[in-house]
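Participant: let's see this in three dimensions:
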Amino acid sequence: MKTGAAYIRVSTDEQVEFSPDSQLRAIKNYAEGHDIFIPEDHIFIDEGISGRKADKRPSFQQMICTAKLRPKPFDVILLWKFSRFARNREDSIVYKSMLRKQCGIEVISVSEQLSEDKTSILIEAMIEAMDEYYSLNLAEEVRRGMNEKFSRGGMVSQPPFGYRAEKGMFLPDENTAPAVRMIFEDFNNGMGIRSIAEKLNRLGIRTSKGGKFENRSVEYILTNVTYLGKLRRSKNGRSSDRFHTSEDTVVVEGLHEPLISQEVFDSAQSRRSLLKKSFGKYAHHGQTVHILKGLVRCSACGSTMVYQSAGKSLQCHSYSKGRCSVSHCISVKKLTHAVLEKIRNDFADFPLSIDISVSAPDEMPSENFEQLIQKENDKLARVREAYESGIDSLAEYRENKNRITKRITSIKSELANTHDHPIKTKRTSLHLSFSVLDNENVSPAIRNLILRTFIDKIIFQKTDHSAVLYYKL
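Facilitator: Below you'll find the model as predicted:
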């Protein structure tokens, strides 16, 4: 008697004819009639999963891994139909060939039994081609149906925050719809996006996915035309996550009830536009290196504290995004002075030596590439600040970030090609002189590097304006 495995897959709960139980019954009936024993731990089931991609089916991958064991755990894999194994000819050929040649395991369809002569190869290939055609055609028909439904204002996606789905329509959710109106009202009355996110979190209101609100969550709501009684979708047929002004987004009148008026929505867009125009007036030092960069943490949530736009103080990064409810604003100058004074007192009675690796070319390139890179990094900092402040959308931030990152990569590549001098690396032991940390003529990046060699983190506590240093010693 042979040992077999059963693989069962259903795409949707509506496929009653193809249900796991009905497939398993057909497979077991075939096994009994052909002297094949199927252990319970050799029954692999993927429910509610498409057969288009094998790497998206966990039970299928588990079965393939099991088949590779030595000695081989089973002789055949039984399916109800070949379409259950794969609806992609490439996957089907790759995995069947691997199972047959490397593992000595055959794949058999109990309802599409083939003869043992060479014509069975053609028949099996035709069956697989028909299955793939059916899958592709079905997907196309589904997209066509969804596009038609969308053009008539019907629901083709999950309801956004403020709505619930009922009988194929968006209906205002009595619990969250008032929060949507509050967001627009607060924003139009001058409240910042971060402040709105903080207010929502403080009130215990959560997003549609149950998470805390962030800047981008509020920004998405402020630009979503669904709240006007409209629907938006990208031209390629996918639900659009971009803002209503995107060129590849189609907007149609929906069948659902609006939560806000056109006047309120337009007022919010006008304020967003004004903030964007005004944003360039303010200097940003978010990526400027200060000697405590990356070391200071918020005592409330543990997030790193970063420069505020004015460049003179640090603030909890999560507070800036609306996820932390406690402000930890502190002057960079005051905190730096206090930290250095603490270090000086702690190490007053014994010396501190630090090992430093120094890598440098024999000759520096003539052009100042470092300044060019720093300039691009400053741009990157500004676009990130614009996104975190709710000025730019996520799509706009990604586009700007990709453009600037490519430019930085290009400059670094050009720098590497300007000389062929070998890099000399040496290690040196440095006796720490506190005059180095105090010396403003020494690069902040170097002083920051020195601090990182023996400081793990600095916890700033807003309640009493104190800081706790954690050494690596």
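
Participant: ok, which stretches of the stretch 51-200 of the chain are helices?
Facilitator: Taking DSSP state H, counting those that start in this stretch as the test, the helices found in the stretch 51-200 of the chain are 58-67, 82-85, 89-102, 119-151, 177-188, 193-202.

Participant: counting contacts, what elements does the second one pack onto?
Facilitator: Spelled out, that is helix 82-85. Applying 3 or more CB pairs under 8 Å, 6 or more residues apart in numbering; DSSP states H and E, one finds that helix 82-85 contacts strand 2-10, helix 89-102, strand 106-109, helix 119-151. Every C-beta, even on glycine, is put in place using the N, C-alpha and C of the backbone.

Participant: run the last query once more with 7 Å
Facilitator: Contacts defined by 3 or more CB pairs under 7 Å, 6 or more residues apart in numbering; DSSP states H and E place helix 82-85 against strand 2-10, helix 119-151.

Participant: where among the helices of the stretch 51-200 of the chain is average confidence lowest?
Facilitator: Sorting those by mean pLDDT places helix 119-151 lowest, at a mean of 61.

Participant: any weak-confidence spans in the stretch 301-450 of the chain?
Facilitator: 309-311, 350-369, 386-393, 413-435 (pLDDT under 70).

Participant: would you map the helices across it?
Facilitator: Here the stretch 301-450 of the chain has its helices, by DSSP H, counting those that start in this stretch, at 317-320, 332-346, 369-388, 394-416, 434-438, 444-454.

Participant: please identify the deepest-packed of the ones you listed.
Facilitator: helix 317-320 (a mean of 21; mean count of other CB atoms under 10 Å).

Participant: who touches it?
Facilitator: Contact partners of helix 317-320, identified using CB atoms under 7 Å, 6 or more residues apart in numbering, comprise 194, 298, 301, 303-306, 324, 326-328, 388.

Participant: which among those count as buried?
Facilitator: When the contacts of helix 317-320 are checked for burial by 16 or more other CB atoms under 10 Å, the buried set is 194, 298, 303, 305-306, 324, 328, 388.

Participant: next, the contact list for residue 162, please.
Facilitator: 172-173, 176-177, 179-180, 227, 259.

Participant: A strand includes residue 291, no?
Facilitator: No - remark: residue 291 does not belong to a strand; assigned using DSSP: H, G, I helix; E, B strand; the rest coil, it is coil.

Participant: looking at the buried ones among the contacts of helix 317-320, which is nearest residue 374?
Facilitator: Closest to residue 374 out of these is residue 306 (17.7 Å), distances taken as CB to CB.

Participant: next one: the nearest residue to the closest one once chain neighbours are set aside from residue 296, what distance?
Facilitator: Take residue 306 and drop its neighbours on the chain: the residue closest to it by CB to CB, 6 or more residues apart in numbering is residue 317, 5.0 Å away. From residue 317 across to residue 296, the span is 10 Å (CB to CB, to the nearest Å).

Participant: what do these two both touch?
Facilitator: Residues touching both residue 317 and residue 296 (CB under 7 Å, 6+ apart) are residue 305.

Participant: which SS class is residue 208?
Facilitator: When classified by three-state DSSP, residue 208 comes out as coil.

Participant: and for the one 3 residues further on?
Facilitator: Counting by three-state DSSP, the backbone at residue 211 sits in coil.

Participant: what's it in contact with, if anything?
Facilitator: By CB under 7 Å, 6+ apart, the contact set of residue 211 is empty.

Participant: what's the spacing between it and residue 224?
Facilitator: Distance of residue 211 to residue 224, computed by CB to CB: 17 Å.

Participant: how much space separates residue 85 from residue 261?
Facilitator: 55 Å.
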